[in-house]
Structure formats: C-alpha cells, structure tokens
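Engineer: Starting from these lines, generate the structure:
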Amino acid sequence: MEYTIVEMQAQKFLVMTKEFIDSASVPVFWDECSESGKIGALLLRRPLGIRDLYGLCRPAADGKFEYGIGILLDVATDWMTADEMNACGYVIWDVPAGTYVTLDCHGDDSEAIDAAWKWFIEEFLPQSNYKLAYGFECYPDHEQDGVFCKLHIPITHA
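Structural biologist: Residues are numbered from 1 along each chain as shown. Next comes the predicted model:
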C-alpha cells in the first residue's frame, strides 16, 4: 500500500460527536447523521468543490473513543455562532499539528477503510519506528478513481 509521511498544520473541524466502545457502530452513526439531515446541513456551510467530509477519532475515558463527523473550519467556511452550534449539536474539534501517515483507501465502501487500517497496524507499524495515535478520514467532495477516502493518521516515534 502506498503512503506518504507529511507534516500537517493544526486544523479545526465542525463536527457531530458520539462515544463508542468499538468501531462496529460507527457506520450506524453515519446513517443517523445522514438521515437526520445534519450531514447535508454541514456540507452547505462549505463552497461547492471543497465540501470534503471528515470522520475523526480520538481516545475517550474507559477504553472508549470519540468519533466525529464534520467539515473543515477555515476561511471558506460559513461560520456559526456558539448558540447556533449548540442548537444543532455541533462542536469544534481541534486536530493538532504533527507528523501524519496519509494513505488512500481503495474500494467502494467502508471495507476499504478496514483494509487500510489493517495494513497500517499489521504491516506498517511493526516495520517502522512509530507508534499509533488516533486519526481522521477525509471523504473528498470530488471523486478520485477507486479511492473511497483518505486516511490521515498521526504518528509519533516509538
């Protein structure tokens, strides 16, 4: 699997979040957010052509993890007031600057993500001098041949 190691700047995202014990329920969360219209409402806050959607992970208490679905917050985003965000159930999620492994997930569905994570954990990490941190997925607004999404996984030296 092809990957790159890049230095990324800190980024902010506007997201809907939920805590999980394992990743099996994450697709249900995506369905709930889509069916409720929350994903569509978020995407409308970005200009056409750059309406990338993100799935973000970070550790939570008691072995759980928090997962967020959202959009990038930058100068192109139609910002909301704090009251508007709270009313919609959105929060701002900060992603720190750092070293990231980026790779394309090839396929048609979430199995592409599973395969990329499996490769990363079983092949990349054991052969590298890095350790895993939680990462995020980017679902680009425009299609790329055979790419379901892109993974961005922060890493630190072991």
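Engineer: Could you list which residues are in contact with the nearest residue to residue 153 once chain neighbours are set aside?
Structural biologist: Nearest in space to residue 153, with sequence neighbours left out and distances taken as CB to CB, 6 or more residues apart in numbering, is residue 135 at 3.6 Å. Heads up, the C-betas are built off the backbone N, CA and C, glycines and all. Each residue near residue 135 by CB atoms under 8 Å, 6 or more residues apart in numbering is listed here: 56-57, 100, 151-154.
Engineer: Retrieve the pLDDT associated with residue 135.
Structural biologist: The per-residue pLDDT reported for residue 135 equals 74.
Engineer: Can you say which helix or strand has residue 141 in it?
Structural biologist: Residue 141 is part of no helix or strand, with elements assigned from DSSP states H and E.
Engineer: tally of neighbours for it?
Structural biologist: Applying the criterion other CB atoms under 10 Å, we find 14 residues in the vicinity of residue 141.
Engineer: go on, residue 80?
Structural biologist: Residue 80 sits with 17 neighbouring residues when counted by other CB under 10 Å.
Engineer: is it true that it touches residue 41?
Structural biologist: No. With contact taken as CB atoms under 8 Å, residue 80 and residue 41 are classed as non-touching, separated by 10.2 Å.
Engineer: Name all residues that sit in contact with these two at the same time.
Structural biologist: Looking at what touches both residue 80 and residue 41 (by CB under 8 Å, 6+ apart), the common residues are residue 88.
Engineer: any chance of the contacts of residue 135 in TSV, with neighbour count, pLDDT and distance to residue 94 too?
Structural biologist: Shown next, in TSV, are the contacts of residue 135 (neighbours: other CB atoms under 10 Å; pLDDT from 0 to 100; distance: CB to CB, whole Å):
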residue	neighbour count	pLDDT	distance to residue 94
56	21	92	10
57	18	89	14
100	21	91	15
151	22	88	19
152	19	90	14
153	25	88	17
154	19	88	13
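Engineer: low-confidence ranges in the protein?
Structural biologist: Screening the chain residue by residue with the criterion pLDDT under 70, one finds the ranges 142-144.
Engineer: could you pull out the helices for it?
Structural biologist: 26-35, 38-43, 82-88, 111-119 (DSSP state H).
Engineer: in the shortest one, what counts as buried?
Structural biologist: In other words, helix 38-43. For helix 38-43, the buried set under the neighbour-count rule, 16 or more other CB atoms under 10 Å, comprises 38-39, 42.
Engineer: so of the contacts of residue 135, which ones are in strands?
Structural biologist: Secondary-structure check on the contacts of residue 135 using DSSP state E: residues within strands are 56-57, 100, 151-154.
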